[in-house]
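# Got a predicted structure here, sequence first:
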Amino acid sequence: MRKPNGHSRGNPVRLLAAALVLLAGACASSQIDEIPPAVSLDRAFDLVGRRSLRLEAEERRGTVVLIKDRHSTFPGFQRVRPQLRQVQRDNRLLLEYLVGRGYRLLGCEFPLGPIVENDETATQYRIIRPRLRDRRELDEYGVFQPIRFQLVFRERLEVVGVEDPELLAQDLEDFDLFARARRSLGRRDIPAEDRAEIAVRMRELHLRMAQNIAARGAAAGRNLAALMTEKELDRAVMLVGGAHAPAAAEALVAAGFRVEVFESSRYANENETDSTRPFDDVEDRH
């Protein structure tokens, strides 16, 4: 899950050039309804985004396509902003292509192990199931995309959680506290001294979440590598928040896998600080 980050100024010329590149990519990806199955992985990336990184292992055991994800920070069924819709659409198109090319395992931001329908996930299954007929509809909503993919590609793709359960649980708890504090900070009836205390608490929570980013990514990479070894697979897909991607990629390379890191045409601009800017809050509610 992406966390709020501060904004910073970048070189105007670089930002303009990056914006033009991303606009061209977004226009190209919005004009296709699928990635032709016969094209190369390089071409598939270009059609809906770009490869942001390729890492080679010294003794390669296989390949992982690591998709940098964004996801809604609000639970439930809600329409998300245009940027996130494009990210979800591009990621879905790429995953359709990869499944067609024989990728059979997807690791995602969920506690390590299978994703099953239970008390915690039942609402997501209930929302997603009746909306699968139109393959495009759920690109626009803040549902848990891995469950969507599990249902769409059943018997063709195994979707599993690869997160360390304790690290993920701590982050989710901290983010919930952060979101509640942010809502309180927006109230006009809060005294100035209380607002100052809330702001301090938000900074503390943000720092703790930031310190967890690399640990979560590294654990996810190690866990996916272990699952690939257990299942004797030489290729897989990982779908994780972009901030976790560097550590996840390093762990996968250390385990012997080549890593191809993909980002959507609307994911980020060339400025690294701006690339972590959150645009995944909701546009309206349903």
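Done, it's in.
# Counting by contacts, list what the longest helix along the chain packs against.
Counting by DSSP state H, the longest helix found in the chain is helix 192-231. If you count contacts as 3 or more C-beta pairs under 8 Å, 6 or more residues apart in numbering; DSSP states H and E, helix 192-231 packs onto strand 62-69, strand 105-111, strand 158-163, helix 165-185, strand 235-241, helix 245-254. The way it works is simple: take the backbone N, C-alpha and C, and place the C-beta from them, glycine included.
# Just put these in CSV and tack on mean neighbour count and mean pLDDT.
Below are the helices and strands packed on helix 192-231 laid out as CSV (neighbours: other C-beta atoms under 10 Å; pLDDT from 0 to 100):
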stretch, mean neighbour count, mean pLDDT
strand 62-69, 25, 96
strand 105-111, 22, 97
strand 158-163, 22, 98
helix 165-185, 15, 81
strand 235-241, 24, 96
helix 245-254, 22, 96
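# In a markdown table: those, plus distance to residue 125.
Shown next, in a markdown table, are the helices and strands packed on helix 192-231 (distance: least, C-beta to C-beta, whole Å):
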| stretch | distance to residue 125 |
| --- | --- |
| strand 62-69 | 20 |
| strand 105-111 | 13 |
| strand 158-163 | 13 |
| helix 165-185 | 19 |
| strand 235-241 | 18 |
| helix 245-254 | 27 |
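# Figure out which of these is closest to residue 223.
When those are compared by C-beta to C-beta, strand 158-163 sits nearest residue 223, at 4.2 Å.
# what's in contact with the closest one?
104-115, 146-147, 149-150, 153, 216, 219-221, 223-224, 227, 238 (C-beta atoms under 8 Å, 6 or more residues apart in numbering).
# Count the neighbours of residue 156 for me.
12 (other C-beta atoms under 10 Å).
# That should have said residue 122, apologies.
10.
# Which element, helix or strand, includes residue 258?
strand 257-264 (DSSP states H and E).
# could you give the mean pLDDT of that strand?
Mean pLDDT, strand 257-264: 96.
# other SSEs contacting that strand?
Checked by 3+ C-beta pairs under 8 Å, 6+ apart, strand 257-264 has helix 41-48, strand 49-55, strand 62-69, helix 82-100, helix 245-254 packed alongside it.
# Out of the helices and strands packed on helix 192-231, which is closest to residue 194?
helix 165-185 (8.3 Å).
# gap between the closest one and the chain center?
18 Å (C-alpha atoms, centre = their mean, to the nearest Å).
# packing partners for it?
By 3+ C-beta pairs under 8 Å, 6+ apart, helix 165-185 packs against strand 105-111, helix 192-231.
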